[in-house]
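Asker: let's see this in three dimensions:
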Amino acid sequence: MGIFSFFSKEKKETLDKGLSKTKESVFGKIARAVAGKSKVDDDVLDNLEEILISSDVGVETTLNIIGRIQKRAATDKYMNVQELNGILRNEIAALLTENHSTDVDDFEAPITHKPYVIMVVGVNGVGKTTTIGKLAYQYKKNGKKVYLGAADTFRAAAVEQLDIWGERVGVPVIKQKMGADPASVAFDTLKSAVANHADIVIIDTAGRLHNKVNLMNELTKIKNVMKKVIPDAPHEVLLVLDGSTGQNAFEQAKQFTRATEVTALAITKLDGTAKGGVVIGISDQFKIPVKYIGLGEGIEDLQVFRKKEFVDSLFGNNA
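Answerer: Numbers count the residues shown, from 1 in each chain. Just a heads-up that it's a prediction; the model follows:
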């Protein structure tokens with residue numbers, strides 16, 4: 001277990017603070033919905049359904065959760081509204097457990113490959129390049145040699161932003177001129193990383209036109225070119241989503257999972273929104289593990305997603 005594998009008090013405080021708007025919104029509404037009720041009846045369940053959907057848990061996942069609670073209510077005739085938070089907490093925890101592999105230690109990539117190649121995808125504005133910079137920081141902090149590839153060549157600001165992160169973190173950024181072939185940048189990055197015995201390679205990709213077929217073609221080309229250097233690359237395809245966009249994040253996940261084989265998710269900007277339920281819904285509907293969550297602008301504010309700590313922060317200690 002690495003030196004950063006424990007869940008520190010500071011991280012717990014950051015998580016609690018980051019999810020506070022979601023917690024206040026969801027459970028404030030639930031408290032009002034069950035006021036004056038003595039048992040969980042159809043009215044309570046209808047209100048709960050509306051609250052979960054409005055919190056961007058998503059329709060399908062909400063119906064799944066409501067169905068689970070109805071089964072509990074049918075078998076436990078003494079179930080009352082005081083128990084509802086606890087039951088809701090257990091069912092959400094169960095959903096997250098079903099849809100995730102075992103929680104990973106802090107930023108310890110499964111280095112079964114060297115270098116371990118991560119291709120990062122996502123539309124512009126979701127925090128993709130910032131997430132790459134924060135990942136590079138954490139991996140370097142954990143003693144890894146990291147290389148970044150600026151394959152989002154269609155937007156000068158993307159290359160510049162990655163360059164700034166590279167300087168800030170102290171890791172090399174492989175780049176070409178604006179408008180260059182993204183696959184060529186990925187190829188150069190992997191060649192350089194192999195030659196210099198890097199542990200981790202993170203490739204940024206263009207975030208434009210997420211709903212167009214040319215994105216699929218571009219991502220496929222990048223992957224095929226990378227395989228010429230490292231036959232089983234990429235080892236991870238990380239989709240970055242902006243949690244504050246709610247249902248739009250679902251749509252982006254839908255488009256990108258059609259365009260390429262996404263293996264992990266990073267959900268950013270959860271600290272500024274009451275839409276934290278999107279983590280539950282996206283995890284449930286796409287069956288792709290949420291690996292990281294973004295909880296602020298600070299370089300330390302990207303956390304490895306731990307389902308137990310997430311549920312504890314969302315519900316508080318007394319649910």
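Asker: which residues of the stretch 151-300 of the chain score low on pLDDT?
Answerer: The stretch 151-300 of the chain contains residues with pLDDT under 70 at 208-213.
Asker: got the confidence number for N99?
Answerer: N99 is assigned a pLDDT of 65 by the prediction.
Asker: I should have written T14 there, sorry.
Answerer: 82.
Asker: ok, the closest residue in space to it that isn't next to it in sequence - how many residues close by?
Answerer: Closest residue to T14 apart from its sequence neighbours, by C-beta to C-beta, 6 or more residues apart in numbering: L295 at 5.4 Å. (Glycine included, C-beta is placed from N, CA and C.) By other C-beta atoms under 10 Å, the residues close to L295 number 25.
Asker: check the one 10 residues further on too.
Answerer: The local packing count at F305 equals 22, with neighbours defined by other C-beta under 10 Å.
Asker: hmm, back to that, show the contacting residues for the residue nearest to T14.
Answerer: L295 is in contact with T14, L15, K17, G18, L19, L270, D271, D301, L302, Q303, counting by C-beta atoms under 8 Å, 6 or more residues apart in numbering.
Asker: narrow the residues you listed to those in helices?
Answerer: T14, L15, K17, G18 (DSSP state H).
Asker: I figured I293 was touching K307, is that so?
Answerer: No - using C-beta atoms under 8 Å, I293 makes no contact with K307, being 10.8 Å away.
Asker: which of these two has more neighbours?
Answerer: I293 (25 against 21).
Asker: give me the beta-bridge partners of the residue most central in space within the chain?
Answerer: When C-alpha atoms, centre = their mean is applied to the chain, the residue found nearest the centroid is A266 (2.1 Å). Per DSSP bridges, the residues bridged to A266 are V240, Y292.
Asker: please report how far it lies from S54.
Answerer: Distance, A266 to S54, using C-beta to C-beta, to the nearest Å: 24 Å.
Asker: how about T263?
Answerer: 30 Å.
Asker: swap in V173?
Answerer: With distances taken as C-beta to C-beta, V173 is found 42 Å from S54.
Asker: which ones are touching P182?
Answerer: With contact taken as C-beta under 8 Å, 6+ apart, P182 is in contact with A151, D152, T153, F154, T205, A206, E218, K221, I222.
Asker: then A186?
Answerer: For A186, the contact set (C-beta under 8 Å, 6+ apart) comprises M119, G149, A151, I203, I222, V225, M226.
Asker: want to try a markdown table for the ones in helices among the contacts of L295, with distance to A195 and neighbour count as columns?
Answerer: Below are those laid out as a markdown table (distance: C-beta to C-beta, whole Å; neighbours: other C-beta atoms under 10 Å):
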| residue | distance to A195 | neighbour count |
| --- | --- | --- |
| T14 | 38 | 19 |
| L15 | 39 | 23 |
| K17 | 43 | 13 |
| G18 | 40 | 24 |
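Asker: closest one of those residues to Q82?
Answerer: Ranked by distance to Q82 (C-beta to C-beta), the ones in helices among the contacts of L295 are led by L15 at 25.9 Å.
Asker: from memory the closest one sits against S313, does it?
Answerer: Yes - between L15 and S313 there is a contact at 4.6 Å, judged by C-beta under 8 Å.
Asker: all helices of the stretch 1-150 of the chain, in order?
Answerer: Per DSSP state H, counting those that start in this stretch, the stretch 1-150 of the chain carries helices over the ranges 9-18, 20-34, 42-54, 59-75, 84-98, 128-141.
Asker: number of residues surrounding the nearest residue to G58 once chain neighbours are set aside?
Answerer: Nearest residue to G58, sequence neighbours excluded (C-beta to C-beta, 6+ apart): G281, at 3.2 Å. The tally of other residues near G281 (other C-beta under 10 Å) stands at 28.
Asker: how would you label G281: helix, strand or coil?
Answerer: What DSSP: H, G, I helix; E, B strand; the rest coil gives for G281 is helix.
Asker: that one contacts T61, correct?
Answerer: Yes - with contacts counted by C-beta under 8 Å, G281 reaches T61, the gap being 4.3 Å.
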